[in-house]
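Novice: turn this into a structure:
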Amino acid sequence: MNRNLAPVSFIIICFFYSCTVNKNYNGFKKYPREVLEKDYTLLRTILEEKHPSLYWYTSKDSMDIYFSKYYNAINDSMTEQQFAWHVLAPLVDKIHCGHTSVGMSKGWTKWAQGRRFPSFPLFMKIWNDTMSVIANLDHKDSIFKRGTLVTSVNGISTDALIKRMFDYLPEDGHANNINYIRMSANFPYYHRNIFGLSKKYTVGSVDSNGVARIDTLPVYIAPKDSIIKDSLTRIERKNMPKEKRIAEHRSLKIDTSGKFAVITLNTFSNGRLRSFFRRSFKKMRKEHISSLVLDIRSNGGGRVGLSTLLAKYISRQPFKVADTIFSKARTLGPYSKYIQGRYLNNIQMFFISGKRNDGLFHMRHMEEKLLKPKIRNHYNGEVYVLINGPTFSAASLFCNVIKGQPGITLIGEETGGGWYGNNGIMIPDIILPHTKTRVRLPLYRLVQYKHINVKGSGIVPDIYVPTNYDALLKSYDKKMKVAKELILHKSAIADTGGK
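Specialist: Numbering: from 1, shown residues only. Got it, this is the predicted structure:
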């Protein structure tokens, strides 16, 4: 059995295989227990008084037990990383709010930027209880190629491994689909922070002949020149032309067949979306594009006003932003000094919401105003919306509005954003005074317009297209392929007069 590296060994490895240390921050500094307890107690108080949905999915009695459990987990001095990942992250997970998450301090982030941390050597695609290799950092290894199915790591089965990691990652209700994507994006990062490092990893797998095997892999340590490559990449990105950066947020492509267009929309925050929507829908009207694929699989949300604007271009019927939007308080006081952007947030909260008979502060204009679809450049063709776990927040609001309408089909997997509702609108960071660790604090609870009766799930697609192993091996987009095949099939039927 492999032993976890002791903290001292971890420090030594990172010291010899890292870039120059930030002079203003030491990532290996340990904070005394009493200091961590003060940060933790303050966080608990703010969450209990200001979080709009602390007990939405977990009862108060259960949350009190969790608060005590993780307070007692501070049994010694800890680094910021240890405090954040082994105390705060599992605590916050129990709230089941995807907008309540833990982040490292600015000092830690700057200190860690460009450093070459040792890690587990395999990147994996993860779905259900399955893990498959998608990249191997050890290029000399010939066993763990793309598509290799992994069955265990250090004696822990894939099913148990995934369940354990879910206990550290936030989600709306029980819609963990987003966490499959998070772990698939950077499995070594999450594994290192949750399980720690091992000198060697025993990895169970199934070879191409279906034979089970166990192999040993050394911890991966990036070569010294990787820090230079990473720095050059950041410089290139920083110097990227503005139009190219904007194009990463959204794009419109009309297929050469002229039968359909594809809009890729990765955010509702950036990309000059108002003018983009106006130009795109005008262009599709003029070119008589009868089908649209709207890809929002990587859209984590953003401004509700922009998701509402898109819904106006596509919705076939009037709608509201939400049935209910409220906060527990009208200001952040008496904790304003611990919350980022406190002055602006306090001003906004005071003016955008008012107290109602239930004792809560409602955004009545968003609850009551009925919004009508646009007339000019409204899109009346068939719409196929691609969704999955990272479809979150404002993107899930959009999906809820258009789902079930004639001519609109959702394709893919369950969204990470809650179908019944979620928390957000304003989401400042709590900055804990001693460690400077950050915890996001959504200030308003939003219950979806014409919400479903049972809370906890994401928005489910009309056509379910899960992770496809063949697509994984051959690197093609199965969900997009399904959407295009549907469009071309309907087009062929139309061309033959419905025969």
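
Novice: so which elements touch the helix or strand containing residue 42?
Specialist: In this structure, residue 42 sits in helix 33-50 according to DSSP states H and E. When contacts are defined as 3 or more C-beta pairs under 8 Å, 6 or more residues apart in numbering; DSSP states H and E, helix 33-50 packs onto helix 60-72. Just so you know, the C-beta spots here come from the backbone N, C-alpha and C atoms, and that holds for glycine as well.

Novice: so how far is the first residue of stretch 130-150 from its last?
Specialist: One end of stretch 130-150 sits 8 Å from the other (C-alpha to C-alpha, to the nearest Å).

Novice: and stretch 192-200, by the same measure?
Specialist: Start-to-end, stretch 192-200 (C-alpha to C-alpha) is 13 Å.

Novice: could I get the buried residue list for that stretch?
Specialist: Buried residues in stretch 192-200, counted by 16 or more other C-beta atoms under 10 Å: 192, 193, 194, 195, 197, 198.

Novice: try stretch 207-220
Specialist: The neighbour-count check on stretch 207-220 (16+ other C-beta under 10 Å) flags 217, 219, 220 as buried.

Novice: what's the angle from the helix holding residue 42 to helix 60-72?
Specialist: On the basis of axes from the mean of the first three to the mean of the last three C-alpha atoms, to 10 degrees, helix 33-50 is oriented at 160 degrees to helix 60-72.

Novice: buried sites along helix 33-50?
Specialist: Neighbour-count burial for helix 33-50, counted by 16+ other C-beta under 10 Å, picks out 35, 36, 38, 39, 40, 42, 43, 44, 46, 47, 50.

Novice: what's the farthest-apart pair in the buried residues of stretch 192-200?
Specialist: Spatial extent of the buried residues of stretch 192-200 (C-beta to C-beta) is set by the pair 193 and 198 at 13.6 Å.

Novice: quick revisit: for the helix holding residue 42, what is the average pLDDT?
Specialist: Taken as a whole, helix 33-50 has a mean pLDDT of 98.

Novice: just the C-alpha atoms of that helix, please, in PDB.
Specialist: In PDB, the C-alpha atoms belonging to helix 33-50 read as follows (Å, rounded to 0.1, in the frame of the first residue of the first chain):
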ATOM      1  CA  ARG A  33      -6.300  26.900  15.500                       C
ATOM      2  CA  GLU A  34      -7.900  29.800  17.400                       C
ATOM      3  CA  VAL A  35      -7.500  32.100  14.400                       C
ATOM      4  CA  LEU A  36      -9.200  29.500  12.100                       C
ATOM      5  CA  GLU A  37     -12.000  29.100  14.600                       C
ATOM      6  CA  LYS A  38     -12.600  32.900  14.500                       C
ATOM      7  CA  ASP A  39     -12.900  32.800  10.700                       C
ATOM      8  CA  TYR A  40     -15.100  29.800  10.800                       C
ATOM      9  CA  THR A  41     -17.400  31.200  13.500                       C
ATOM     10  CA  LEU A  42     -17.800  34.500  11.600                       C
ATOM     11  CA  LEU A  43     -18.600  32.600   8.400                       C
ATOM     12  CA  ARG A  44     -21.300  30.600  10.200                       C
ATOM     13  CA  THR A  45     -22.900  33.700  11.600                       C
ATOM     14  CA  ILE A  46     -23.000  35.500   8.200                       C
ATOM     15  CA  LEU A  47     -24.500  32.400   6.500                       C
ATOM     16  CA  GLU A  48     -27.100  32.000   9.200                       C
ATOM     17  CA  GLU A  49     -28.200  35.600   9.000                       C
ATOM     18  CA  LYS A  50     -27.800  36.500   5.300                       C
END
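
Novice: got a list of contacts for it?
Specialist: Applying C-beta atoms under 8 Å, 6 or more residues apart in numbering, the contact partners of helix 33-50 are 54, 67, 70-71, 74-78, 83, 87-88, 95, 100, 328-329, 332, 335, 338-339, 430, 432-435, 437, 439, 441, 443.

Novice: now residue 190: closest residue in space that isn't a chain neighbour?
Specialist: Using C-beta to C-beta, 6 or more residues apart in numbering and skipping residues adjacent in sequence, the residue nearest residue 190 is residue 183, 5.5 Å away.

Novice: so which bits of the helix or strand hosting that neighbour are buried?
Specialist: Under the criterion of DSSP H and E, residue 183 resides in helix 177-185. Buried residues in helix 177-185, counted by 16+ other C-beta under 10 Å: 177, 178, 179, 180, 181, 182, 183, 184.

Novice: TSV for the buried residues of helix 33-50, including distance to residue 479?
Specialist: Conversion of those to TSV gives the following (distance: C-beta to C-beta, whole Å):
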residue	distance to residue 479
35	48
36	44
38	48
39	42
40	42
42	44
43	39
44	41
46	40
47	37
50	38
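
Novice: in stretch 66-83, what counts as buried?
Specialist: For stretch 66-83, the buried set under the neighbour-count rule, 16+ other C-beta under 10 Å, comprises 66, 67, 70, 73, 74, 78, 79, 80, 81, 82, 83.

Novice: kindly apply the preceding question to stretch 436-444 instead.
Specialist: Using 16+ other C-beta under 10 Å as the test for burial, stretch 436-444 gives 437, 438, 439, 440, 441, 442, 443, 444.

Novice: SS state for the nearest residue to residue 174 once chain neighbours are set aside?
Specialist: Distances taken as C-beta to C-beta, 6+ apart place residue 456 nearest to residue 174, at 4.6 Å, with adjacent residues excluded. Assigned with DSSP: H, G, I helix; E, B strand; the rest coil, residue 456 falls in the coil class.
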